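K.L.:
One predicted model, sequence on top.
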Amino acid sequence: MIETINLTKIYKDGTIALDNVTFSSDVKILTLLGRNGAGKTTLTRILSTQLLPTKGEAYVEGYNVIKEAKKIRKIITSIPQEAQPVGMASPYEHLLMFLTAKGLSLSESERVAREALKEVGLWEVKDKPSDELSGGMKRKIFVAMALAANSEVIFLDEPTTGLDPYSRTEIWSILKTMKGKIILTTHYMEEAEELSDEVILLHKGRIIAMGSVTTLLEKLKDKVRVEGIGDIKVGRLRITYVDKREASNFVGKYVVKPISLEDLFILYAGEGLEEN
Ligand SMILES: Nc1ncnc2c1ncn2[C@@H]1O[C@H](COP(=O)(O)OP(=O)(O)OP(=O)(O)O)[C@@H](O)[C@H]1O
């Protein structure tokens, strides 16, 4: 269970990154979705005990992030978005370092590392220096670590940023097989749609909507998006939503698209997501 009560983070320069965020969630994959600066990383860092909140409370599996940080650290693995492998070390060496640091014996670490590297498809390149690997392969080293850690809760901050569609799909299938709960941060709506049991839409430090993707999309059920006409402005683009039955009136004159999670941001925040 992840729970926050009036969680607020104000950075030293006065930036309000989280503004009285209150929620609780107990699903397998919880996704934090929001545009740049929405507060996703700040929330993840507080929950993974890397950053102190200014005000409010937060709990991970019942443990308080301030008073019981050590207990939380024992049951979580956190892979930040800026994580980069050490250039000279191979994927196998990364896994061994990570697992022995976690307290596993060398022989146990070797066994778990082997399994995880095979699972993510890095076994063939396990002894290559990381700086000779592609961006996707480098990212997979961290996915392998998350897999090998076998933690109760795994925080993954933008695990597929910069990956090609094939590598992204591969990582999605691995994430789905992980035993622990995953708190995922992403900009990609298709990723959120594919993986999440529950989504939190963050906007300017506040929760603007929360629920399963299906529930959130309920508001736009039986609608289509028409671009080029309407009162809603996203940048220079005008948008309106019309009943599917009326779609034929607009086809050929305007761009008609099926509803996606991006439309939720437009609906709840009155703005679209940036391309990323
Ligand atoms: N150390 C810091 N000092 C001051 N302001 C910060 C700091 N870290 C983040 N911020 C600000 O807090 C807000 C939330 O940032 P955060 O990184 O949590 O957003 P995010 O949703 O993860 O964004 P992104 O998708 O770009 O990673 C932003 O306005 C950001 O500029």
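P.N.:
The structure has been received and is ready for your questions. Residues are numbered from 1 along each chain as shown.
K.L.:
which residues does the residue lying closest to residue 181 once chain neighbours are set aside bridge with?
P.N.:
Leaving aside its chain neighbours, residue 181 sits nearest to residue 153 (5.0 Å; criterion: C-beta to C-beta, 6 or more residues apart in numbering). In this view, the C-beta of every residue, glycine as well, is placed from N, C-alpha and C. Here residue 153 shows beta-bridge partners residue 76, residue 181, assigned using DSSP bridges.
K.L.:
The closest residue to residue 219 other than its chain neighbours and the ligand, how far apart?
P.N.:
In space, and not counting its chain neighbours, residue 219 is closest to residue 267: 6.3 Å by C-beta to C-beta, 6+ apart. As judged by C-beta to the nearest ligand atom, to the nearest Å, residue 267 and the ligand stand 19 Å apart.
K.L.:
residues contacting the residue nearest to residue 181?
P.N.:
Contacts for residue 153 (C-beta atoms under 8 Å, 6 or more residues apart in numbering) come out as 2, 60, 61, 75, 76, 77, 180, 181, 182, 183.
K.L.:
Next up, the contacts around the fifth one.
P.N.:
The neighbourhood of residue 76, defined by C-beta under 8 Å, 6+ apart, consists of 48, 49, 60, 151, 152, 153, 154, 155.
K.L.:
one more time with 7 Å, if that's ok
P.N.:
48, 60, 151, 153, 155 (C-beta atoms under 7 Å, 6 or more residues apart in numbering).
K.L.:
Quick check: phi and psi on residue 183?
P.N.:
Dihedral pair for residue 183: phi -110, psi 110, per degrees, to the nearest 10.
K.L.:
just to revisit the earlier point, min pLDDT across the contacts of residue 76, which one?
P.N.:
Lowest pLDDT among these: residue 151, with 89.
K.L.:
Next, count neighbours for the spatially closest residue to that one that is not a sequence neighbour.
P.N.:
Closest residue to residue 151 apart from its sequence neighbours, by C-beta to C-beta, 6+ apart: residue 77 at 4.2 Å. Residue 77 has 22 neighbours, counted by other C-beta atoms under 10 Å.
K.L.:
before we move on, what about residue 184?
P.N.:
Residue 184 is flanked by 24 other residues according to other C-beta under 10 Å.
K.L.:
And it, which helix or strand is it part of?
P.N.:
Assigned by DSSP states H and E, residue 184 falls within strand 181-186.
K.L.:
And the contacts of that strand?
P.N.:
Applying C-beta under 7 Å, 6+ apart, the set of residues contacting strand 181-186 from outside is 2, 28-33, 40-41, 44, 47, 152-158, 175, 192, 195.
K.L.:
Parallel or antiparallel, which strands does the longest strand along the chain pair with?
P.N.:
Using DSSP state E, we find that the single longest strand of the chain is strand 223-234. Using DSSP bridges, the strands paired with strand 223-234 are strand 237-243 (antiparallel), strand 255-257 (antiparallel).
K.L.:
avg pLDDT for stretch 112-132?
P.N.:
93.
K.L.:
still on that earlier bit, just the contacts of strand 181-186: which are in strands?
P.N.:
Per DSSP E, the subset of the contacts of strand 181-186 in strands is 2, 29, 30, 31, 32, 33, 153, 154, 155, 156, 157.
K.L.:
measure the spatially most central residue of the chain to residue 145 for me?
P.N.:
In the chain, the residue lying closest to the centroid (C-alpha atoms, centre = their mean) is residue 185, at 1.8 Å. Plainly put, residue 185 is 17 Å away from residue 145 if you go by C-beta to C-beta, to the nearest Å.
K.L.:
ok, back up a step: could the strands paired with strand 223-234 go into a markdown table alongside mean neighbour count, distance to the ligand and mean pLDDT?
P.N.:
Below are those laid out as a markdown table (neighbours: other C-beta atoms under 10 Å; distance: least, C-beta to the nearest ligand atom, whole Å; pLDDT from 0 to 100):
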| stretch | mean neighbour count | distance to the ligand | mean pLDDT |
| --- | --- | --- | --- |
| strand 237-243 | 15 | 22 | 91 |
| strand 255-257 | 15 | 24 | 93 |
